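Enquirer: Have a look; sequence and predicted model below, questions after that.
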Amino acid sequence: ARAFANCESLELGLAEGNESFALVDDVLFTRDMSALVACSAKKTGGYIVPAGVVAIAAGAFCGCKRVSHISIPDSVVTIGESAFRECGVTEMTLPKGLTYIAGELFCNAGRLREIGIPTGVTAIGKEAFNGCVALESIRLPGSVAAVKERAFNGCYGLKNVVLPLGLKAVGEYAFYQCTELTEVILLDPQVTIAANAFEGCFVEAVYFAGNEKQLAQWKTGNGVEDEEHMLYEAVFSANFARGDLNGQGGEPDAVDVQCLYTYLTSGERQGSYQNSAAAFHAAADVNNDGCVDVYDLQLLYEIVAKIA
């Protein structure tokens, strides 16, 4: 984090003859404009990172509490630690070329409600979203293999989480004190979850992608059968699968197609997940793009037609 973060009256300036940096609209760049180094804490409103910037430095927007929105071009491929720590942004879509969510990236960004994480990101760094109290949902793309310790610590508004197929490990206290978190959807039966990952949460339901035997093995391997485990009292449901909206297990069928069609045309949820928006959405997102739309219906129809 920057040494002068939160100093809202501090003005950025360049020494006479400086040939290393450029100052544009209270934002400091390297001379060639390839890296954004720092933003003045006095900056307000929205900001558009110039096209061509490839890196945002550690702590660049740290303490910029009056910046409400930042638009980042896809030319950016690296963003340093704490870049948006204690920043006032309410929503953000991260660039497509990003492969790692750095540690403390949005730590204590208390106004952040929505975040778009691109496919290609392989890990969520330590304390990346720690203290993002306004964050209500998070979609992790299938490229994410690890959620590091305390990544979502203290995200009080988080109500559900879908842990994707391909995820290998969830670190210690990853979702510590996410007090509103009641549902967890595990799409990879091989994922290892630290025993205290959900400490301080009140998880009521866990939807598991494997069969009953795999679920039993997973619970044993992860110590869930221990009464002290934070998921011990949760109700587990096996055989969760994308496309299986009626929750009957097995391959998707015409009933699943009808469930999805009804939802897209009327908004009505049918089947086993009608009382769980998160589980229904995860099952209906057949193409795994984070949205439930006509493309999912088309893919589901093609899957069922091939089976038929």
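Expert: Looks like it came in fine. Residues are numbered from 1 along each chain as shown.
Enquirer: what comes into contact with stretch 116-129?
Expert: With contact meaning Cβ atoms under 8 Å, 6 or more residues apart in numbering, stretch 116-129 is reached by 81, 92-107, 109, 112, 115, 135, 138-153, 155, 171. All C-beta spots, glycine's among them, are computed from the backbone N, C-alpha and C.
Enquirer: Stretch 55-64: how far from the chain's middle?
Expert: Averaged C-alpha coordinates place stretch 55-64 at 20 Å from its chain's average position (Cα atoms, centre = their mean, to the nearest Å).
Enquirer: Actually, stretch 186-203.
Expert: Worked out by Cα atoms, centre = their mean, stretch 186-203 lies 15 Å from the chain centre.
Enquirer: CA-only coordinates of it, as CSV, when you get a sec.
Expert: Listed next in CSV are the C-alpha coordinates belonging to stretch 186-203 (Å, rounded to 0.1, in the frame of the first residue of the first chain):
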residue,chain,number,x,y,z
LEU,A,186,-19.4,-27.5,-4.6
LEU,A,187,-19.0,-28.3,-8.2
ASP,A,188,-15.7,-30.2,-7.8
PRO,A,189,-15.8,-33.3,-5.6
GLN,A,190,-12.0,-33.2,-5.3
VAL,A,191,-11.8,-29.8,-3.7
THR,A,192,-10.0,-29.6,-0.3
ILE,A,193,-11.5,-27.1,2.1
ALA,A,194,-9.7,-26.0,5.3
ALA,A,195,-11.6,-26.9,8.4
ASN,A,196,-12.0,-23.3,9.5
ALA,A,197,-12.7,-21.9,6.0
PHE,A,198,-16.3,-21.2,7.0
GLU,A,199,-15.8,-20.4,10.6
GLY,A,200,-18.3,-17.8,11.9
CYS,A,201,-20.7,-18.6,9.1
PHE,A,202,-24.1,-20.3,9.4
VAL,A,203,-24.2,-22.5,6.4
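Enquirer: And the helix or strand that contains residue 68, what's buried?
Expert: In the assignment (DSSP states H and E), residue 68 maps to strand 67-71. Neighbour-count burial for strand 67-71, with 16 or more other Cβ atoms under 10 Å as criterion, is recorded at 67, 68, 70.
Enquirer: For it, list the C-alpha coordinates in CSV.
Expert: Extracted in CSV, the C-alpha atoms of strand 67-71 (Å, rounded to 0.1, in the frame of the first residue of the first chain):
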residue,chain,number,x,y,z
VAL,A,67,-13.7,7.3,-6.5
SER,A,68,-16.9,5.5,-7.2
HIS,A,69,-16.1,3.7,-10.5
ILE,A,70,-13.0,2.6,-12.3
SER,A,71,-13.1,1.3,-15.9
